[in-house]
Structure formats: C-alpha cells, structure tokens
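In: fold the following, please.
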Amino acid sequence: MSDPPKAFHGAVEGVTTSLLDTLRVGVVMFDTDGYILLWSPTVEEILGWPGERMVGRHYGDYLTGAPTASPSGAPARPGDIYATLRNEEYWRGKLRVRHLHGHTVEVEGRAHLLTPADGKPFILANIVETSRLRAVEQDLAALDALFATSPLGIAVFDTERRYVRVNEALARLNGRPVAEMLGRTLHEVLPGSMADNLAQIQSLVLETGRPVVDTVLTAPDGHGWRSVSYGRLTSPDGRVLGVSSTVMDVTERRDAMEKIERARQRLKLLDDIGVALGDLLDVRRIARTLANALVPRFADYSSVMLHSAVASGGELPRPGHPPHTPLLQLGAAAKDRGPAVERLLRAGQDIAFEAGSILGNVLSSATPHLAMSRHELLSATYPGDPRVQAALDLGVHSLMVVPLRARGTVLGLLVLSRADGRAAFDRDDLALAVELAGRAAISLDNARLYARERESALMLQRSLLPQNVPSPPGVQIAYRYVPGGSRAEADAEAGGDWFDVIPLAGGRVALVVGDVMGHGLRAAATMGRLRTAVRTLAGLDLPPDELLRRINDLADDLAQGPDDPLWATCVYAVYDPSTRQCTLATAGHVPPLLLVDRGTGGWSVIPVEAPSGAPLGVGGVEFESVTLTVAEGAVLVLYTDGLIEHRGEDITEGLGRLVSLLGGLPAQPYLEDICDRVLGSLEPGAEAGGRGSPAASGPVGSVDDVALLLARLGGLPEGSAASWTFPAETYAARRAREAVRAVLRDWGLNALADDTELLVSELVTNSLRHAHGPIGVRMVRGTSLLVEVSDPLPVPPRERSATADDEGGRGIQLVARGARRWGTRHGPIGKTVWFELSLS
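Out: Numbers count the residues shown, from 1 in each chain. Just a heads-up that it's a prediction; the model follows:
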C-alpha cells in the first residue's frame with residue numbers, strides 16, 4: 001500500500017513548532033487486520049524505521065512484548081486492538097517496539113476506530129515516547145505543586161496583562177480571592193500607585209524580555225513591604241506568551257535591614273564624632289563640634305551645657321556642689337533659624353533650673369532621662385522658663401537629657417530634641433546618646449586638663465620671661481612674645497622661646513633671643529634654666545662666642561634628663577653705644593636682620609652674615625663671633641623661627657616674606673609699630689598683641705611660639721665719654737687723677753671727684769705694678785658714672801684681706817667698697833677693671 005501524500009502528513013502533524021514538537025507525537029494508521037497504512041515522519045524519528053519500509057507491514061511484527069491492558073481491563077494482544085475498539089470508545093496503552101538499531105523503545109499510544117464514507121474502517125493511533133511524556137507530566141505536576149504549596153505569591157499574565165493563573169498565596173498577599181483576580185488586570189486588583197508601578201514593569205518585561213528581580217514596594221494595604229519579580233514567558237519558537245510574576249512578603253526582612261542600617265548609621269555617627277573630637281583640645285570647640293555633629297543626623301536641636309569650671313580649665317565640681325547651679329551653654333545647633341531658636345539655643349547663656357527639674361535630676365543623679373510628653377517637657381527646667389516655651393513653639397515633642405560624665409564626675413549635660421515631622425526618640429536612641437555623651441565627656445575632660453596644664457605652663461613662662469626690660473643709654477628696645485598655637489580661640493601653648501636684655505659694664509648691653517625645642521611645662525622649665533645660665537655668664541662679660549661655648553658645655557646639666565637632652569638655638573649680641581659696635585654669635589639660630597635707613601624714605605634689610613654654628617646641646621662644635629659697626633639709628637631684629645616657619649612651606653619663603661615686609665616700612669617708624677606690623681601682617685587675620693604680652697595673638701597658621709626683639713642702636717650723646725692712654729711710668733697715676741678731675745669738673749660732677757680720683761689712682765697703680773704696659777682709662781657718663789682701667793695683663797685682680805701690717809693689697813678692697821659695683825672683663829689683649837658710681 002502506498003504512502004499518503006505529504007500534504008496529508010502536514011495536515012495531520014502541523015508545521016508550527018509547539019508542545020507537540022517537545023513530546024514528538026507520531027501518527028500511525030493501520031487497517032483492522034493490523035497492517036500499516038500510514039507511518040508519519042515523527043514515528044520515523046521515534047523508532048528509526050522509514051515509512052516506505054513500514055507501510056504494508058503488520059505492526060505486531062515489531063512489538064517486543066504484548067500491549068498493556070486496555071482501559072476496560074481486557075487482555076490486549078496484537079490482534080485484539082481492533083476487537084477492543086469495537087467495544088470501547090478508544091484504546092490506550094503502552095507498547096514496547098523494536099527500534100531500527102535493535103534496542104527497545106517504550107511508547108504510549110491512543111487509538112480510535114474510524115469509519116470513512118466508503119464504509120471500510122481503519123484504526124488511527126497517536127503514539128509518544130513514554131520518557132518524554134513522563135517528563136512533561138512531571139513538569140506540570142511540579143508547576144501545580146509550586147502554585148499550591150509555595151509561600152510565594154505566583155501569577156501568570158497573558159499578553160493582555162490579565163491574570164490567567166494565580167495561587168492562594170498571592171490571593172492572601174493581595175487580600176482578594178483567586179476568582180476575583182482571574183481575567184483582570186493589575187489596575188482592577190491593586191491600588192492605583194502600586195498598579196501603575198507594576199504595570200510599567202510588566203510593559204518593560206514584555207517589550208525587552210529582560211527580567212526585573214526584587215523590586216520592593218509597599219503592600220497593597222500600606223502596611224509592610226513586598227518584593228516583586230517579573231519575567232517574560234516565551235514558547236520554544238520565541239513567541240511571547242505572557243508574563244510570570246512572583247511576590248514575596250519582605251516586611252520582616254525590610255525591618256531587619258532597617259535595624260541593621262540604623263545600627264550602621266549609629267556606629268558611623270559614633271565614629272564620625274570620635275574623629276571630629278579626636279584632635280581637639282579646646283572645651284568650647286569640642287562643645288560646638290559635638291552639637292553641630294548631631295544636627296540634623298540625630299536630632300533637630302542640640303545643646304551642650306557645662307559647668308563654668310570645665311570651660312575655664314578649673315577644678316571639677318565637688319560632690320556637694322549645689323545641683324541647681326546654672327550651667328553654661330557652650331555648644332548649640334538647630335535645623336533652622338528664627339526668634340524661637342535664638343531664645344532656645346543662644347550660645348554662651350546661663351541655663352538655670354530647679355533642683356527637682358529634669359535637668360537638675362540628671363545632673364545630680366547622672367541618670368539619663370527621656371521625655372515623651374508635654375507635661376514632662378514643662379518640667380525640664382523651671383515653671384515659666386521662656387526656653388521651654390520656645391521649644392514647644394518649635395514643635396518639640398521628644399527630649400533627651402544625658403549626663404556628660406567623665407572619670408566619675410558629671411561635667412554638664414547633653415540635651416537633644418526632635419520636633420514635628422520626625423519620629424520620637426526611643427530607647428535605642430537613648431543608649432546611643434549615652435555612648436556619645438560618654439565619649440564626648442572624655443574629650444571635654446582631656447581638654448579641661450590640657451587647658452589647666454597650658455595655663456600653668458604659660459604662667460611659668462611669664463614668670464621666667466623678663467619682667468622689666470631695661471632701657472640702656474643709646475639703645476631703644478621693643479619686644480613681643482606670642483605663645484605657640486595662637487588662634488582666635490585662645491588655645492595658646494607655652495613653648496621654649498625667650499628673649500632678654502642684659503645691661504653690661506661700660507654702658508654696653510647684651511641682646512639675647514633663644515628657642516628651646518618642644519612645648520609645655522618641660523620646655524618652659526628648660527627655657528628658664530637656660531635663660532638664667534645666660535644671664536649669669538653674661539655677668540662675667542664674656543665674648544659672645546665664649547659665652548655660647550660655656551652654655552654648650554653645660555647642656556647636660558641644663559637638660560631635663562638623659563632621655564631628654566637639651567636642644568636649643570640662640571643668638572647673643574653685645575652692643576657698645578660708645579663705639580657703635582655690635583658683636584654677636586649664633587648657635588643654629590635663624591639669621592638676625594639689620595635695618596639701615598637708606599635716606600630716601602625706605603630701609604635696607606641686611607641679613608647679618610654670622611657663622612650659624614650648631615644648636616646648643618650638640619657637642620664638639622666651635623662658635624664664632626662677628627663684629628659690626630652699625631650706622632646711627634640702625635635697627636637690629638632678633639626673632640625665633642616661629643615667626644617665619646609655617647607648615648607646607650620652606651623656611652626661606654618665610655624669611656623672604658619678612659625681609660619684604662621690613663623693607664617696606666616708612667622712614668623712622670616706631671619700634672612698637674614695627675612689632676605690631678610684623679606680627680599682624682605676615683598672615684591675614686592675625687592681631688598684634690600688647691607690648692610684651694605673652695597672650696598676644698600671633699600669625700594665623702603659626703604652630704610654634706614667637707619671640708621678637710627689636711633694638712634701635714645709637715651712640716652716646718656728645719661729650720658723654722672721655723678716654724686716655726698713659727705709658728707705664730710712675731707719673732701715670734698722677735696724670736690720670738688730673739685728667740679725671742678735669743673731666744668731672746666739665747661734666748658738673750665735682751661731688752664725685754675725690755672718690756673717683758682715689759679709685760682710679762688705686763687701679764692705675766695696680767696696673768703699673770703688675771702689667772708693665774700702656775694703661776688705658778675711660779670714663780662714660782650715663783645713668784651712672786662708669787670708669788674703666790685697662791692693661792695688657794690678662795690675669796684679673798683679686799680682692800684680698802690685708803692685715804694692719806701689710807703695706808699693700810688694699811686697692812681692690814677700696815674699689816669694692818667705694819663703688820656701687822665693679823668687675824673685670826677680658827679683651828682681645830689684656831683685661832679691663834671697671835667700676836660704677838651713682839650720680840646722685
């Protein structure tokens with residue numbers, strides 16, 4: 001029997017890819033005797049036998065076992081299918097068929113008896129591989145089970161975006177029965193805003209095919225959260241069938257995430273405030289920083305109230321301290337501004353309260369308080385407090401008062417509040433506020449201790465700096481000292497910088513500026529010892545280089561200890577007004593500057609080229625002196641590196657800036673004006689301090705203290721000095737007496753003539769007896785009468801106790817008793833013995 005036409009095959013099986021392609025349903029047609037009439041291509045794919053070999057053959061020849069029982073339960077043998085169909089509507093069963101390649105393929109079939117118009121019946125059977133059919137059945141069963149048992153809400157939408165399948169879980173989540181959802185769109189089932197959002201997602205998924213996963217929306221009833229995911233459904237041949245959706249209740253997950261996020265934000269707030277307060281050592285700045293850091297992140301209004309002693313670095317309140325003593329509001333912050341906010345949070349105001357109020361109770365018991373009602377808010381301070389009324393006017397509904405407690409003592413209070421539009425504080429917020437207050441209190445107490453130590457160091461340094469600066473003849477002095485770290489907030493820090501003006505014999509003056517490394521009490525104490533040593537050695541009238549060498553030899557004795565060696569720089573200058581010569585030496589110090597009037601309305605600024613030497617404390621280093629002859633009215637500028645050294649720039653830049661500033665001064669300026677201009681103009685915003693004031697403000701940005709000493713160098717008035725040189729002859733004493741008496745007569749100092757002649761005669765006689773060389777005599781009239789006798793013998797005279805029988809040895813005794821003061825100094829050759837007599 002020939003095969004039916006191919007068109008017939010196509011009509012039977014179809015040409016569009018569908019589920020039938022997945023199942024591979026084949027068609028077999030045979031007559032009532034079992035001979036095959038039609039063998040479709042799909043059957044060829046399943047069993048391997050081509051149609052041209054199978055048509056006309058009996059199907060039973062290819063069975064490897066008997067068919068299963070028919071639905072009626074009757075035995076089913078190869079020849080009985082026709083018999084069964086005569087009594088049954090259809091036959092269904094399983095067949096085990098031999099494949100072309102020899103193995104057995106199990107198929108499941110369904111057969112019907114058809115009788116065409118010509119009256120000759122035939123059997124039409126559909127067969128499918130059992131394995132593929134079972135897979136589809138399992139998939140369908142799994143889908144049914146998923147819809148029935150899944151806690152997730154599941155829905156399937158067609159291309160018109162209508163529900164075509166919904167499970168009970170989704171019905172519960174949407175609050176509607178399944179029947180009310182089928183055939184309807186999202187807008188007919190869900191609230192408008194939620195439906196709009198989901199409809200946009202549906203359209204996007206249908207158009208692009210890209211799934212949308214875990215989109216979180218509010219629940220239809222507004223209580224809780226839903227996670228929604230959408231994916232497009234397509235057939236194997238790519239046809240769009242609709243959209244699938246899963247909905248999950250994520251309210252608990254969302255709440256947990258929000259709790260985790262709140263915890264993270266709390267930790268971040270703690271960390272941020274810790275960083276902000278970590279490097280602050282000023283109580284007022286800490287209070288302001290703390291208040292600002294809490295608004296608006298944690299509260300709408302914040303206030304930091306402290307005992308006044310904490311702000312000033314005083315002692316902490318004692319346990320018996322009155323609990324209602326007003327506090328000082330040092331830090332305040334608000335989310336907005338206005339008159340009510342100004343009444344509530346005016347910085348610097350005293351905060352008064354009753355002993356039984358919330359503030360009073362927290363201050364006395366150190367127990368935090370959370371106020372949640374209007375009645376509690378009214379009892380915050382005292383009845384009728386305008387600050388409380390201002391808080392109510394601002395809509396404050398929640399208030400926390402937390403003690404700022406450090407080392408067992410309450411320093412003050414942290415007051416936080418929230419207003420309308422924000423959730424009230426809860427217990428978690430209170431716990432966070434307590435932790436914040438504890439950390440802030442430690443910073444505040446550290447700042448208090450630092451302020452007290454700083455004040456002690458400044459007091460020590462003030463006492464160690466010159467209390468009365470002399471004004472020697474021929475020299476005008478101006479000076480400034482600025483503590484380190486000076487800013488607009490008075491956070492000055494004591495350091496090791498100092499200056500000194502030391503009168504020397506012969507009307508000369510020593511000018512000193514030095515810098516001890518470090519800050520604080522130790523640096524100030526070291527500076528005091530070093531300054532004392534310099535003053536002591538200056539009294540020996542040593543040359544500058546020799547004085548620095550001796551100071552350097554004492555470095556170990558001047559240091560705090562073996563682990564804290566002395567390290568200091570210094571410049572020491574000696575000026576003689578009678579000769580207008582300045583001799584100076586430096587020990588690692590910044591170069592002095594000499595201002596010389598150009599005569600054209602400006603100044604030449606000349607850095608003094610002196611060997612810099614090494615800092616004091618470095619052993620084995622030589623120091624050298626340099627001598628300058630200065631012009632009348634020249635200004636010597638001595639300073640420390642804090643004046644020119646700033647972070648982030650080379651020190652030469654600061655030196656150049658100072659030179660430029662001094663070069664632009666007007667002609668003959670007042671020294672005080674130069675000091676103010678130098679300190680006030682090097683950095684914008686700096687303010688010059690009063691003369692010698694240790695609390696004067698310095699250059700903004702300066703981190704080191706500054707010492708500045710200016711000396712206008714001039715000569716003595718005309719006719720104020722006289723000098724002679726006498727040969728080492730016996731008449732030298734007589735001629736010296738005559739010359740001295742004549743000059744004293746010219747100066748109108750006849751009352752001093754006898755005493756002066758006697759002392760000069762004794763010193764000249766000593767020189768004749770021991771020196772055997774030219775003898776110099778010099779007199780200078782200033783605030784006192786100075787007389788000097790010089791000779792080439794370097795050995796200084798010694799005061800001896802002469803007995804009644806001794807013929808000599810009384811000359812130095814007479815000088816010591818007759819003069820106001822006397823002394824000896826060494827020169828390049830020989831020595832000079834000097835004494836002073838009072839003019840009155």
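
In: hey, let's count contacts and neighbours off CA atoms from now on
Out: Noted.

In: and the pLDDT for residue 232?
Out: Residue 232 is assigned 93 on the pLDDT scale.

In: and residue 210, by the same measure?
Out: At residue 210, the model reports a pLDDT of 93.

In: and what of residue 711?
Out: 93.

In: just for the stretch 451-600 of the chain, where's the confidence low?
Out: 485-494, 561-563, 600 (pLDDT under 70).

In: same question but for the chain, I mixed them up
Out: Counting by pLDDT under 70, the chain has low-confidence residues at 1-21, 65-80, 317-324, 485-494, 561-563, 600-601, 681-703, 799-810.

In: quick one, longest helix in it?
Out: helix 427-464 (DSSP state H).

In: may I see the buried residues of that helix?
Out: Using 16 or more other Cα atoms under 10 Å as the test for burial, helix 427-464 gives 429-430, 432-434, 436-455, 457-458, 460-462, 464.

In: for the host helix or strand of residue 545, which positions count as buried?
Out: Here residue 545 sits within helix 544-553, counting by DSSP states H and E. For helix 544-553, burial by neighbour count (16+ other Cα under 10 Å) applies to 544, 545, 546, 547, 548, 549, 551, 552, 553.

In: likewise stretch 146-162?
Out: 147, 151, 152, 153, 154, 155, 156, 157, 158, 159, 161, 162.

In: tell me how many other residues crowd the closest residue to the fourth one other than its chain neighbours.
Out: In space, and not counting its chain neighbours, residue 153 is closest to residue 170: 3.7 Å by Cα to Cα, 6 or more residues apart in numbering. Neighbouring residues of residue 170 were enumerated by other Cα atoms under 10 Å; the total is 25.

In: secondary structure element for residue 170?
Out: According to DSSP H and E, residue 170 maps onto helix 168-174.

In: residue 330 too?
Out: Under the criterion of DSSP H and E, residue 330 resides in strand 327-334.

In: how far off centre is that strand?
Out: 22 Å (Cα atoms, centre = their mean, to the nearest Å).

In: after that strand, next one along is what?
Out: Tracing the chain past strand 327-334, the next element assigned as helix or strand by DSSP H and E is helix 339-345.

In: from the chain's centroid, how far away is that following helix?
Out: 30 Å.

In: contacts made by that helix with the rest, please.
Out: Residues from elsewhere that reach helix 339-345 (Cα atoms under 8 Å, 6 or more residues apart in numbering): 303, 329, 332, 333, 334, 386, 387, 388, 390, 391, 393, 394.

In: redo that, cut-off 7 Å
Out: Around helix 339-345, the neighbours that count as contacts under Cα atoms under 7 Å, 6 or more residues apart in numbering are 303, 332, 387, 390, 391, 394.

In: narrow the residues you listed to those in helices?
Out: 387, 390, 391.

In: going by neighbour count, which of those residues comes out on top?
Out: Within the ones in helices among the contacts of helix 339-345, residue 391 tops the neighbour count with 23 neighbours, counted by other Cα under 10 Å.

In: and it, how close does it get to residue 399?
Out: Separation of residue 391 from residue 399 (Cα to Cα, to the nearest Å): 10 Å.

In: with respect to residue 226, which of the contacts of helix 339-345 is nearest?
Out: residue 394 (36.8 Å; Cα to Cα).

In: who's in contact with that closest one?
Out: 340, 419.

In: hmm, 10 Å instead?
Out: Each residue near residue 394 by Cα atoms under 10 Å, 6 or more residues apart in numbering is listed here: 301, 336, 338, 340, 341, 344, 388, 418, 419, 420.

In: neighbours of the spatially closest residue to the last one that is not a sequence neighbour, just the number please.
Out: Once flanking residues are discounted, residue 420 sits nearest to residue 395: 5.3 Å by Cα to Cα, 6+ apart. The number of residues packed around residue 395, counting by other Cα under 10 Å, is 14.

In: got it, and residue 375?
Out: Applying other Cα under 10 Å, we find 9 residues neighbouring residue 375.

In: distance of it relative to residue 388?
Out: 11 Å.

In: and what of residue 736?
Out: To residue 388, residue 736 is 91 Å away according to Cα to Cα.

In: equivalent analysis for residue 675, please.
Out: Residue 675 is 51 Å from residue 388, by Cα to Cα.

In: thinking again about what came up before, which strands or helices does the helix holding residue 170 pack on?
Out: With contacts defined as 3 or more Cα pairs under 10 Å, 6 or more residues apart in numbering; DSSP states H and E, helix 168-174 has these neighbours: helix 130-149, strand 153-157, strand 240-249.

In: in stretch 254-261, what counts as buried?
Out: For stretch 254-261, using 16+ other Cα under 10 Å, the buried residues are residue 254.

In: unless I'm mixing things up, residue 201 is touching residue 214, no?
Out: No: contact between residue 201 and residue 214 fails when scored by Cα atoms under 10 Å: they sit 11.6 Å apart.
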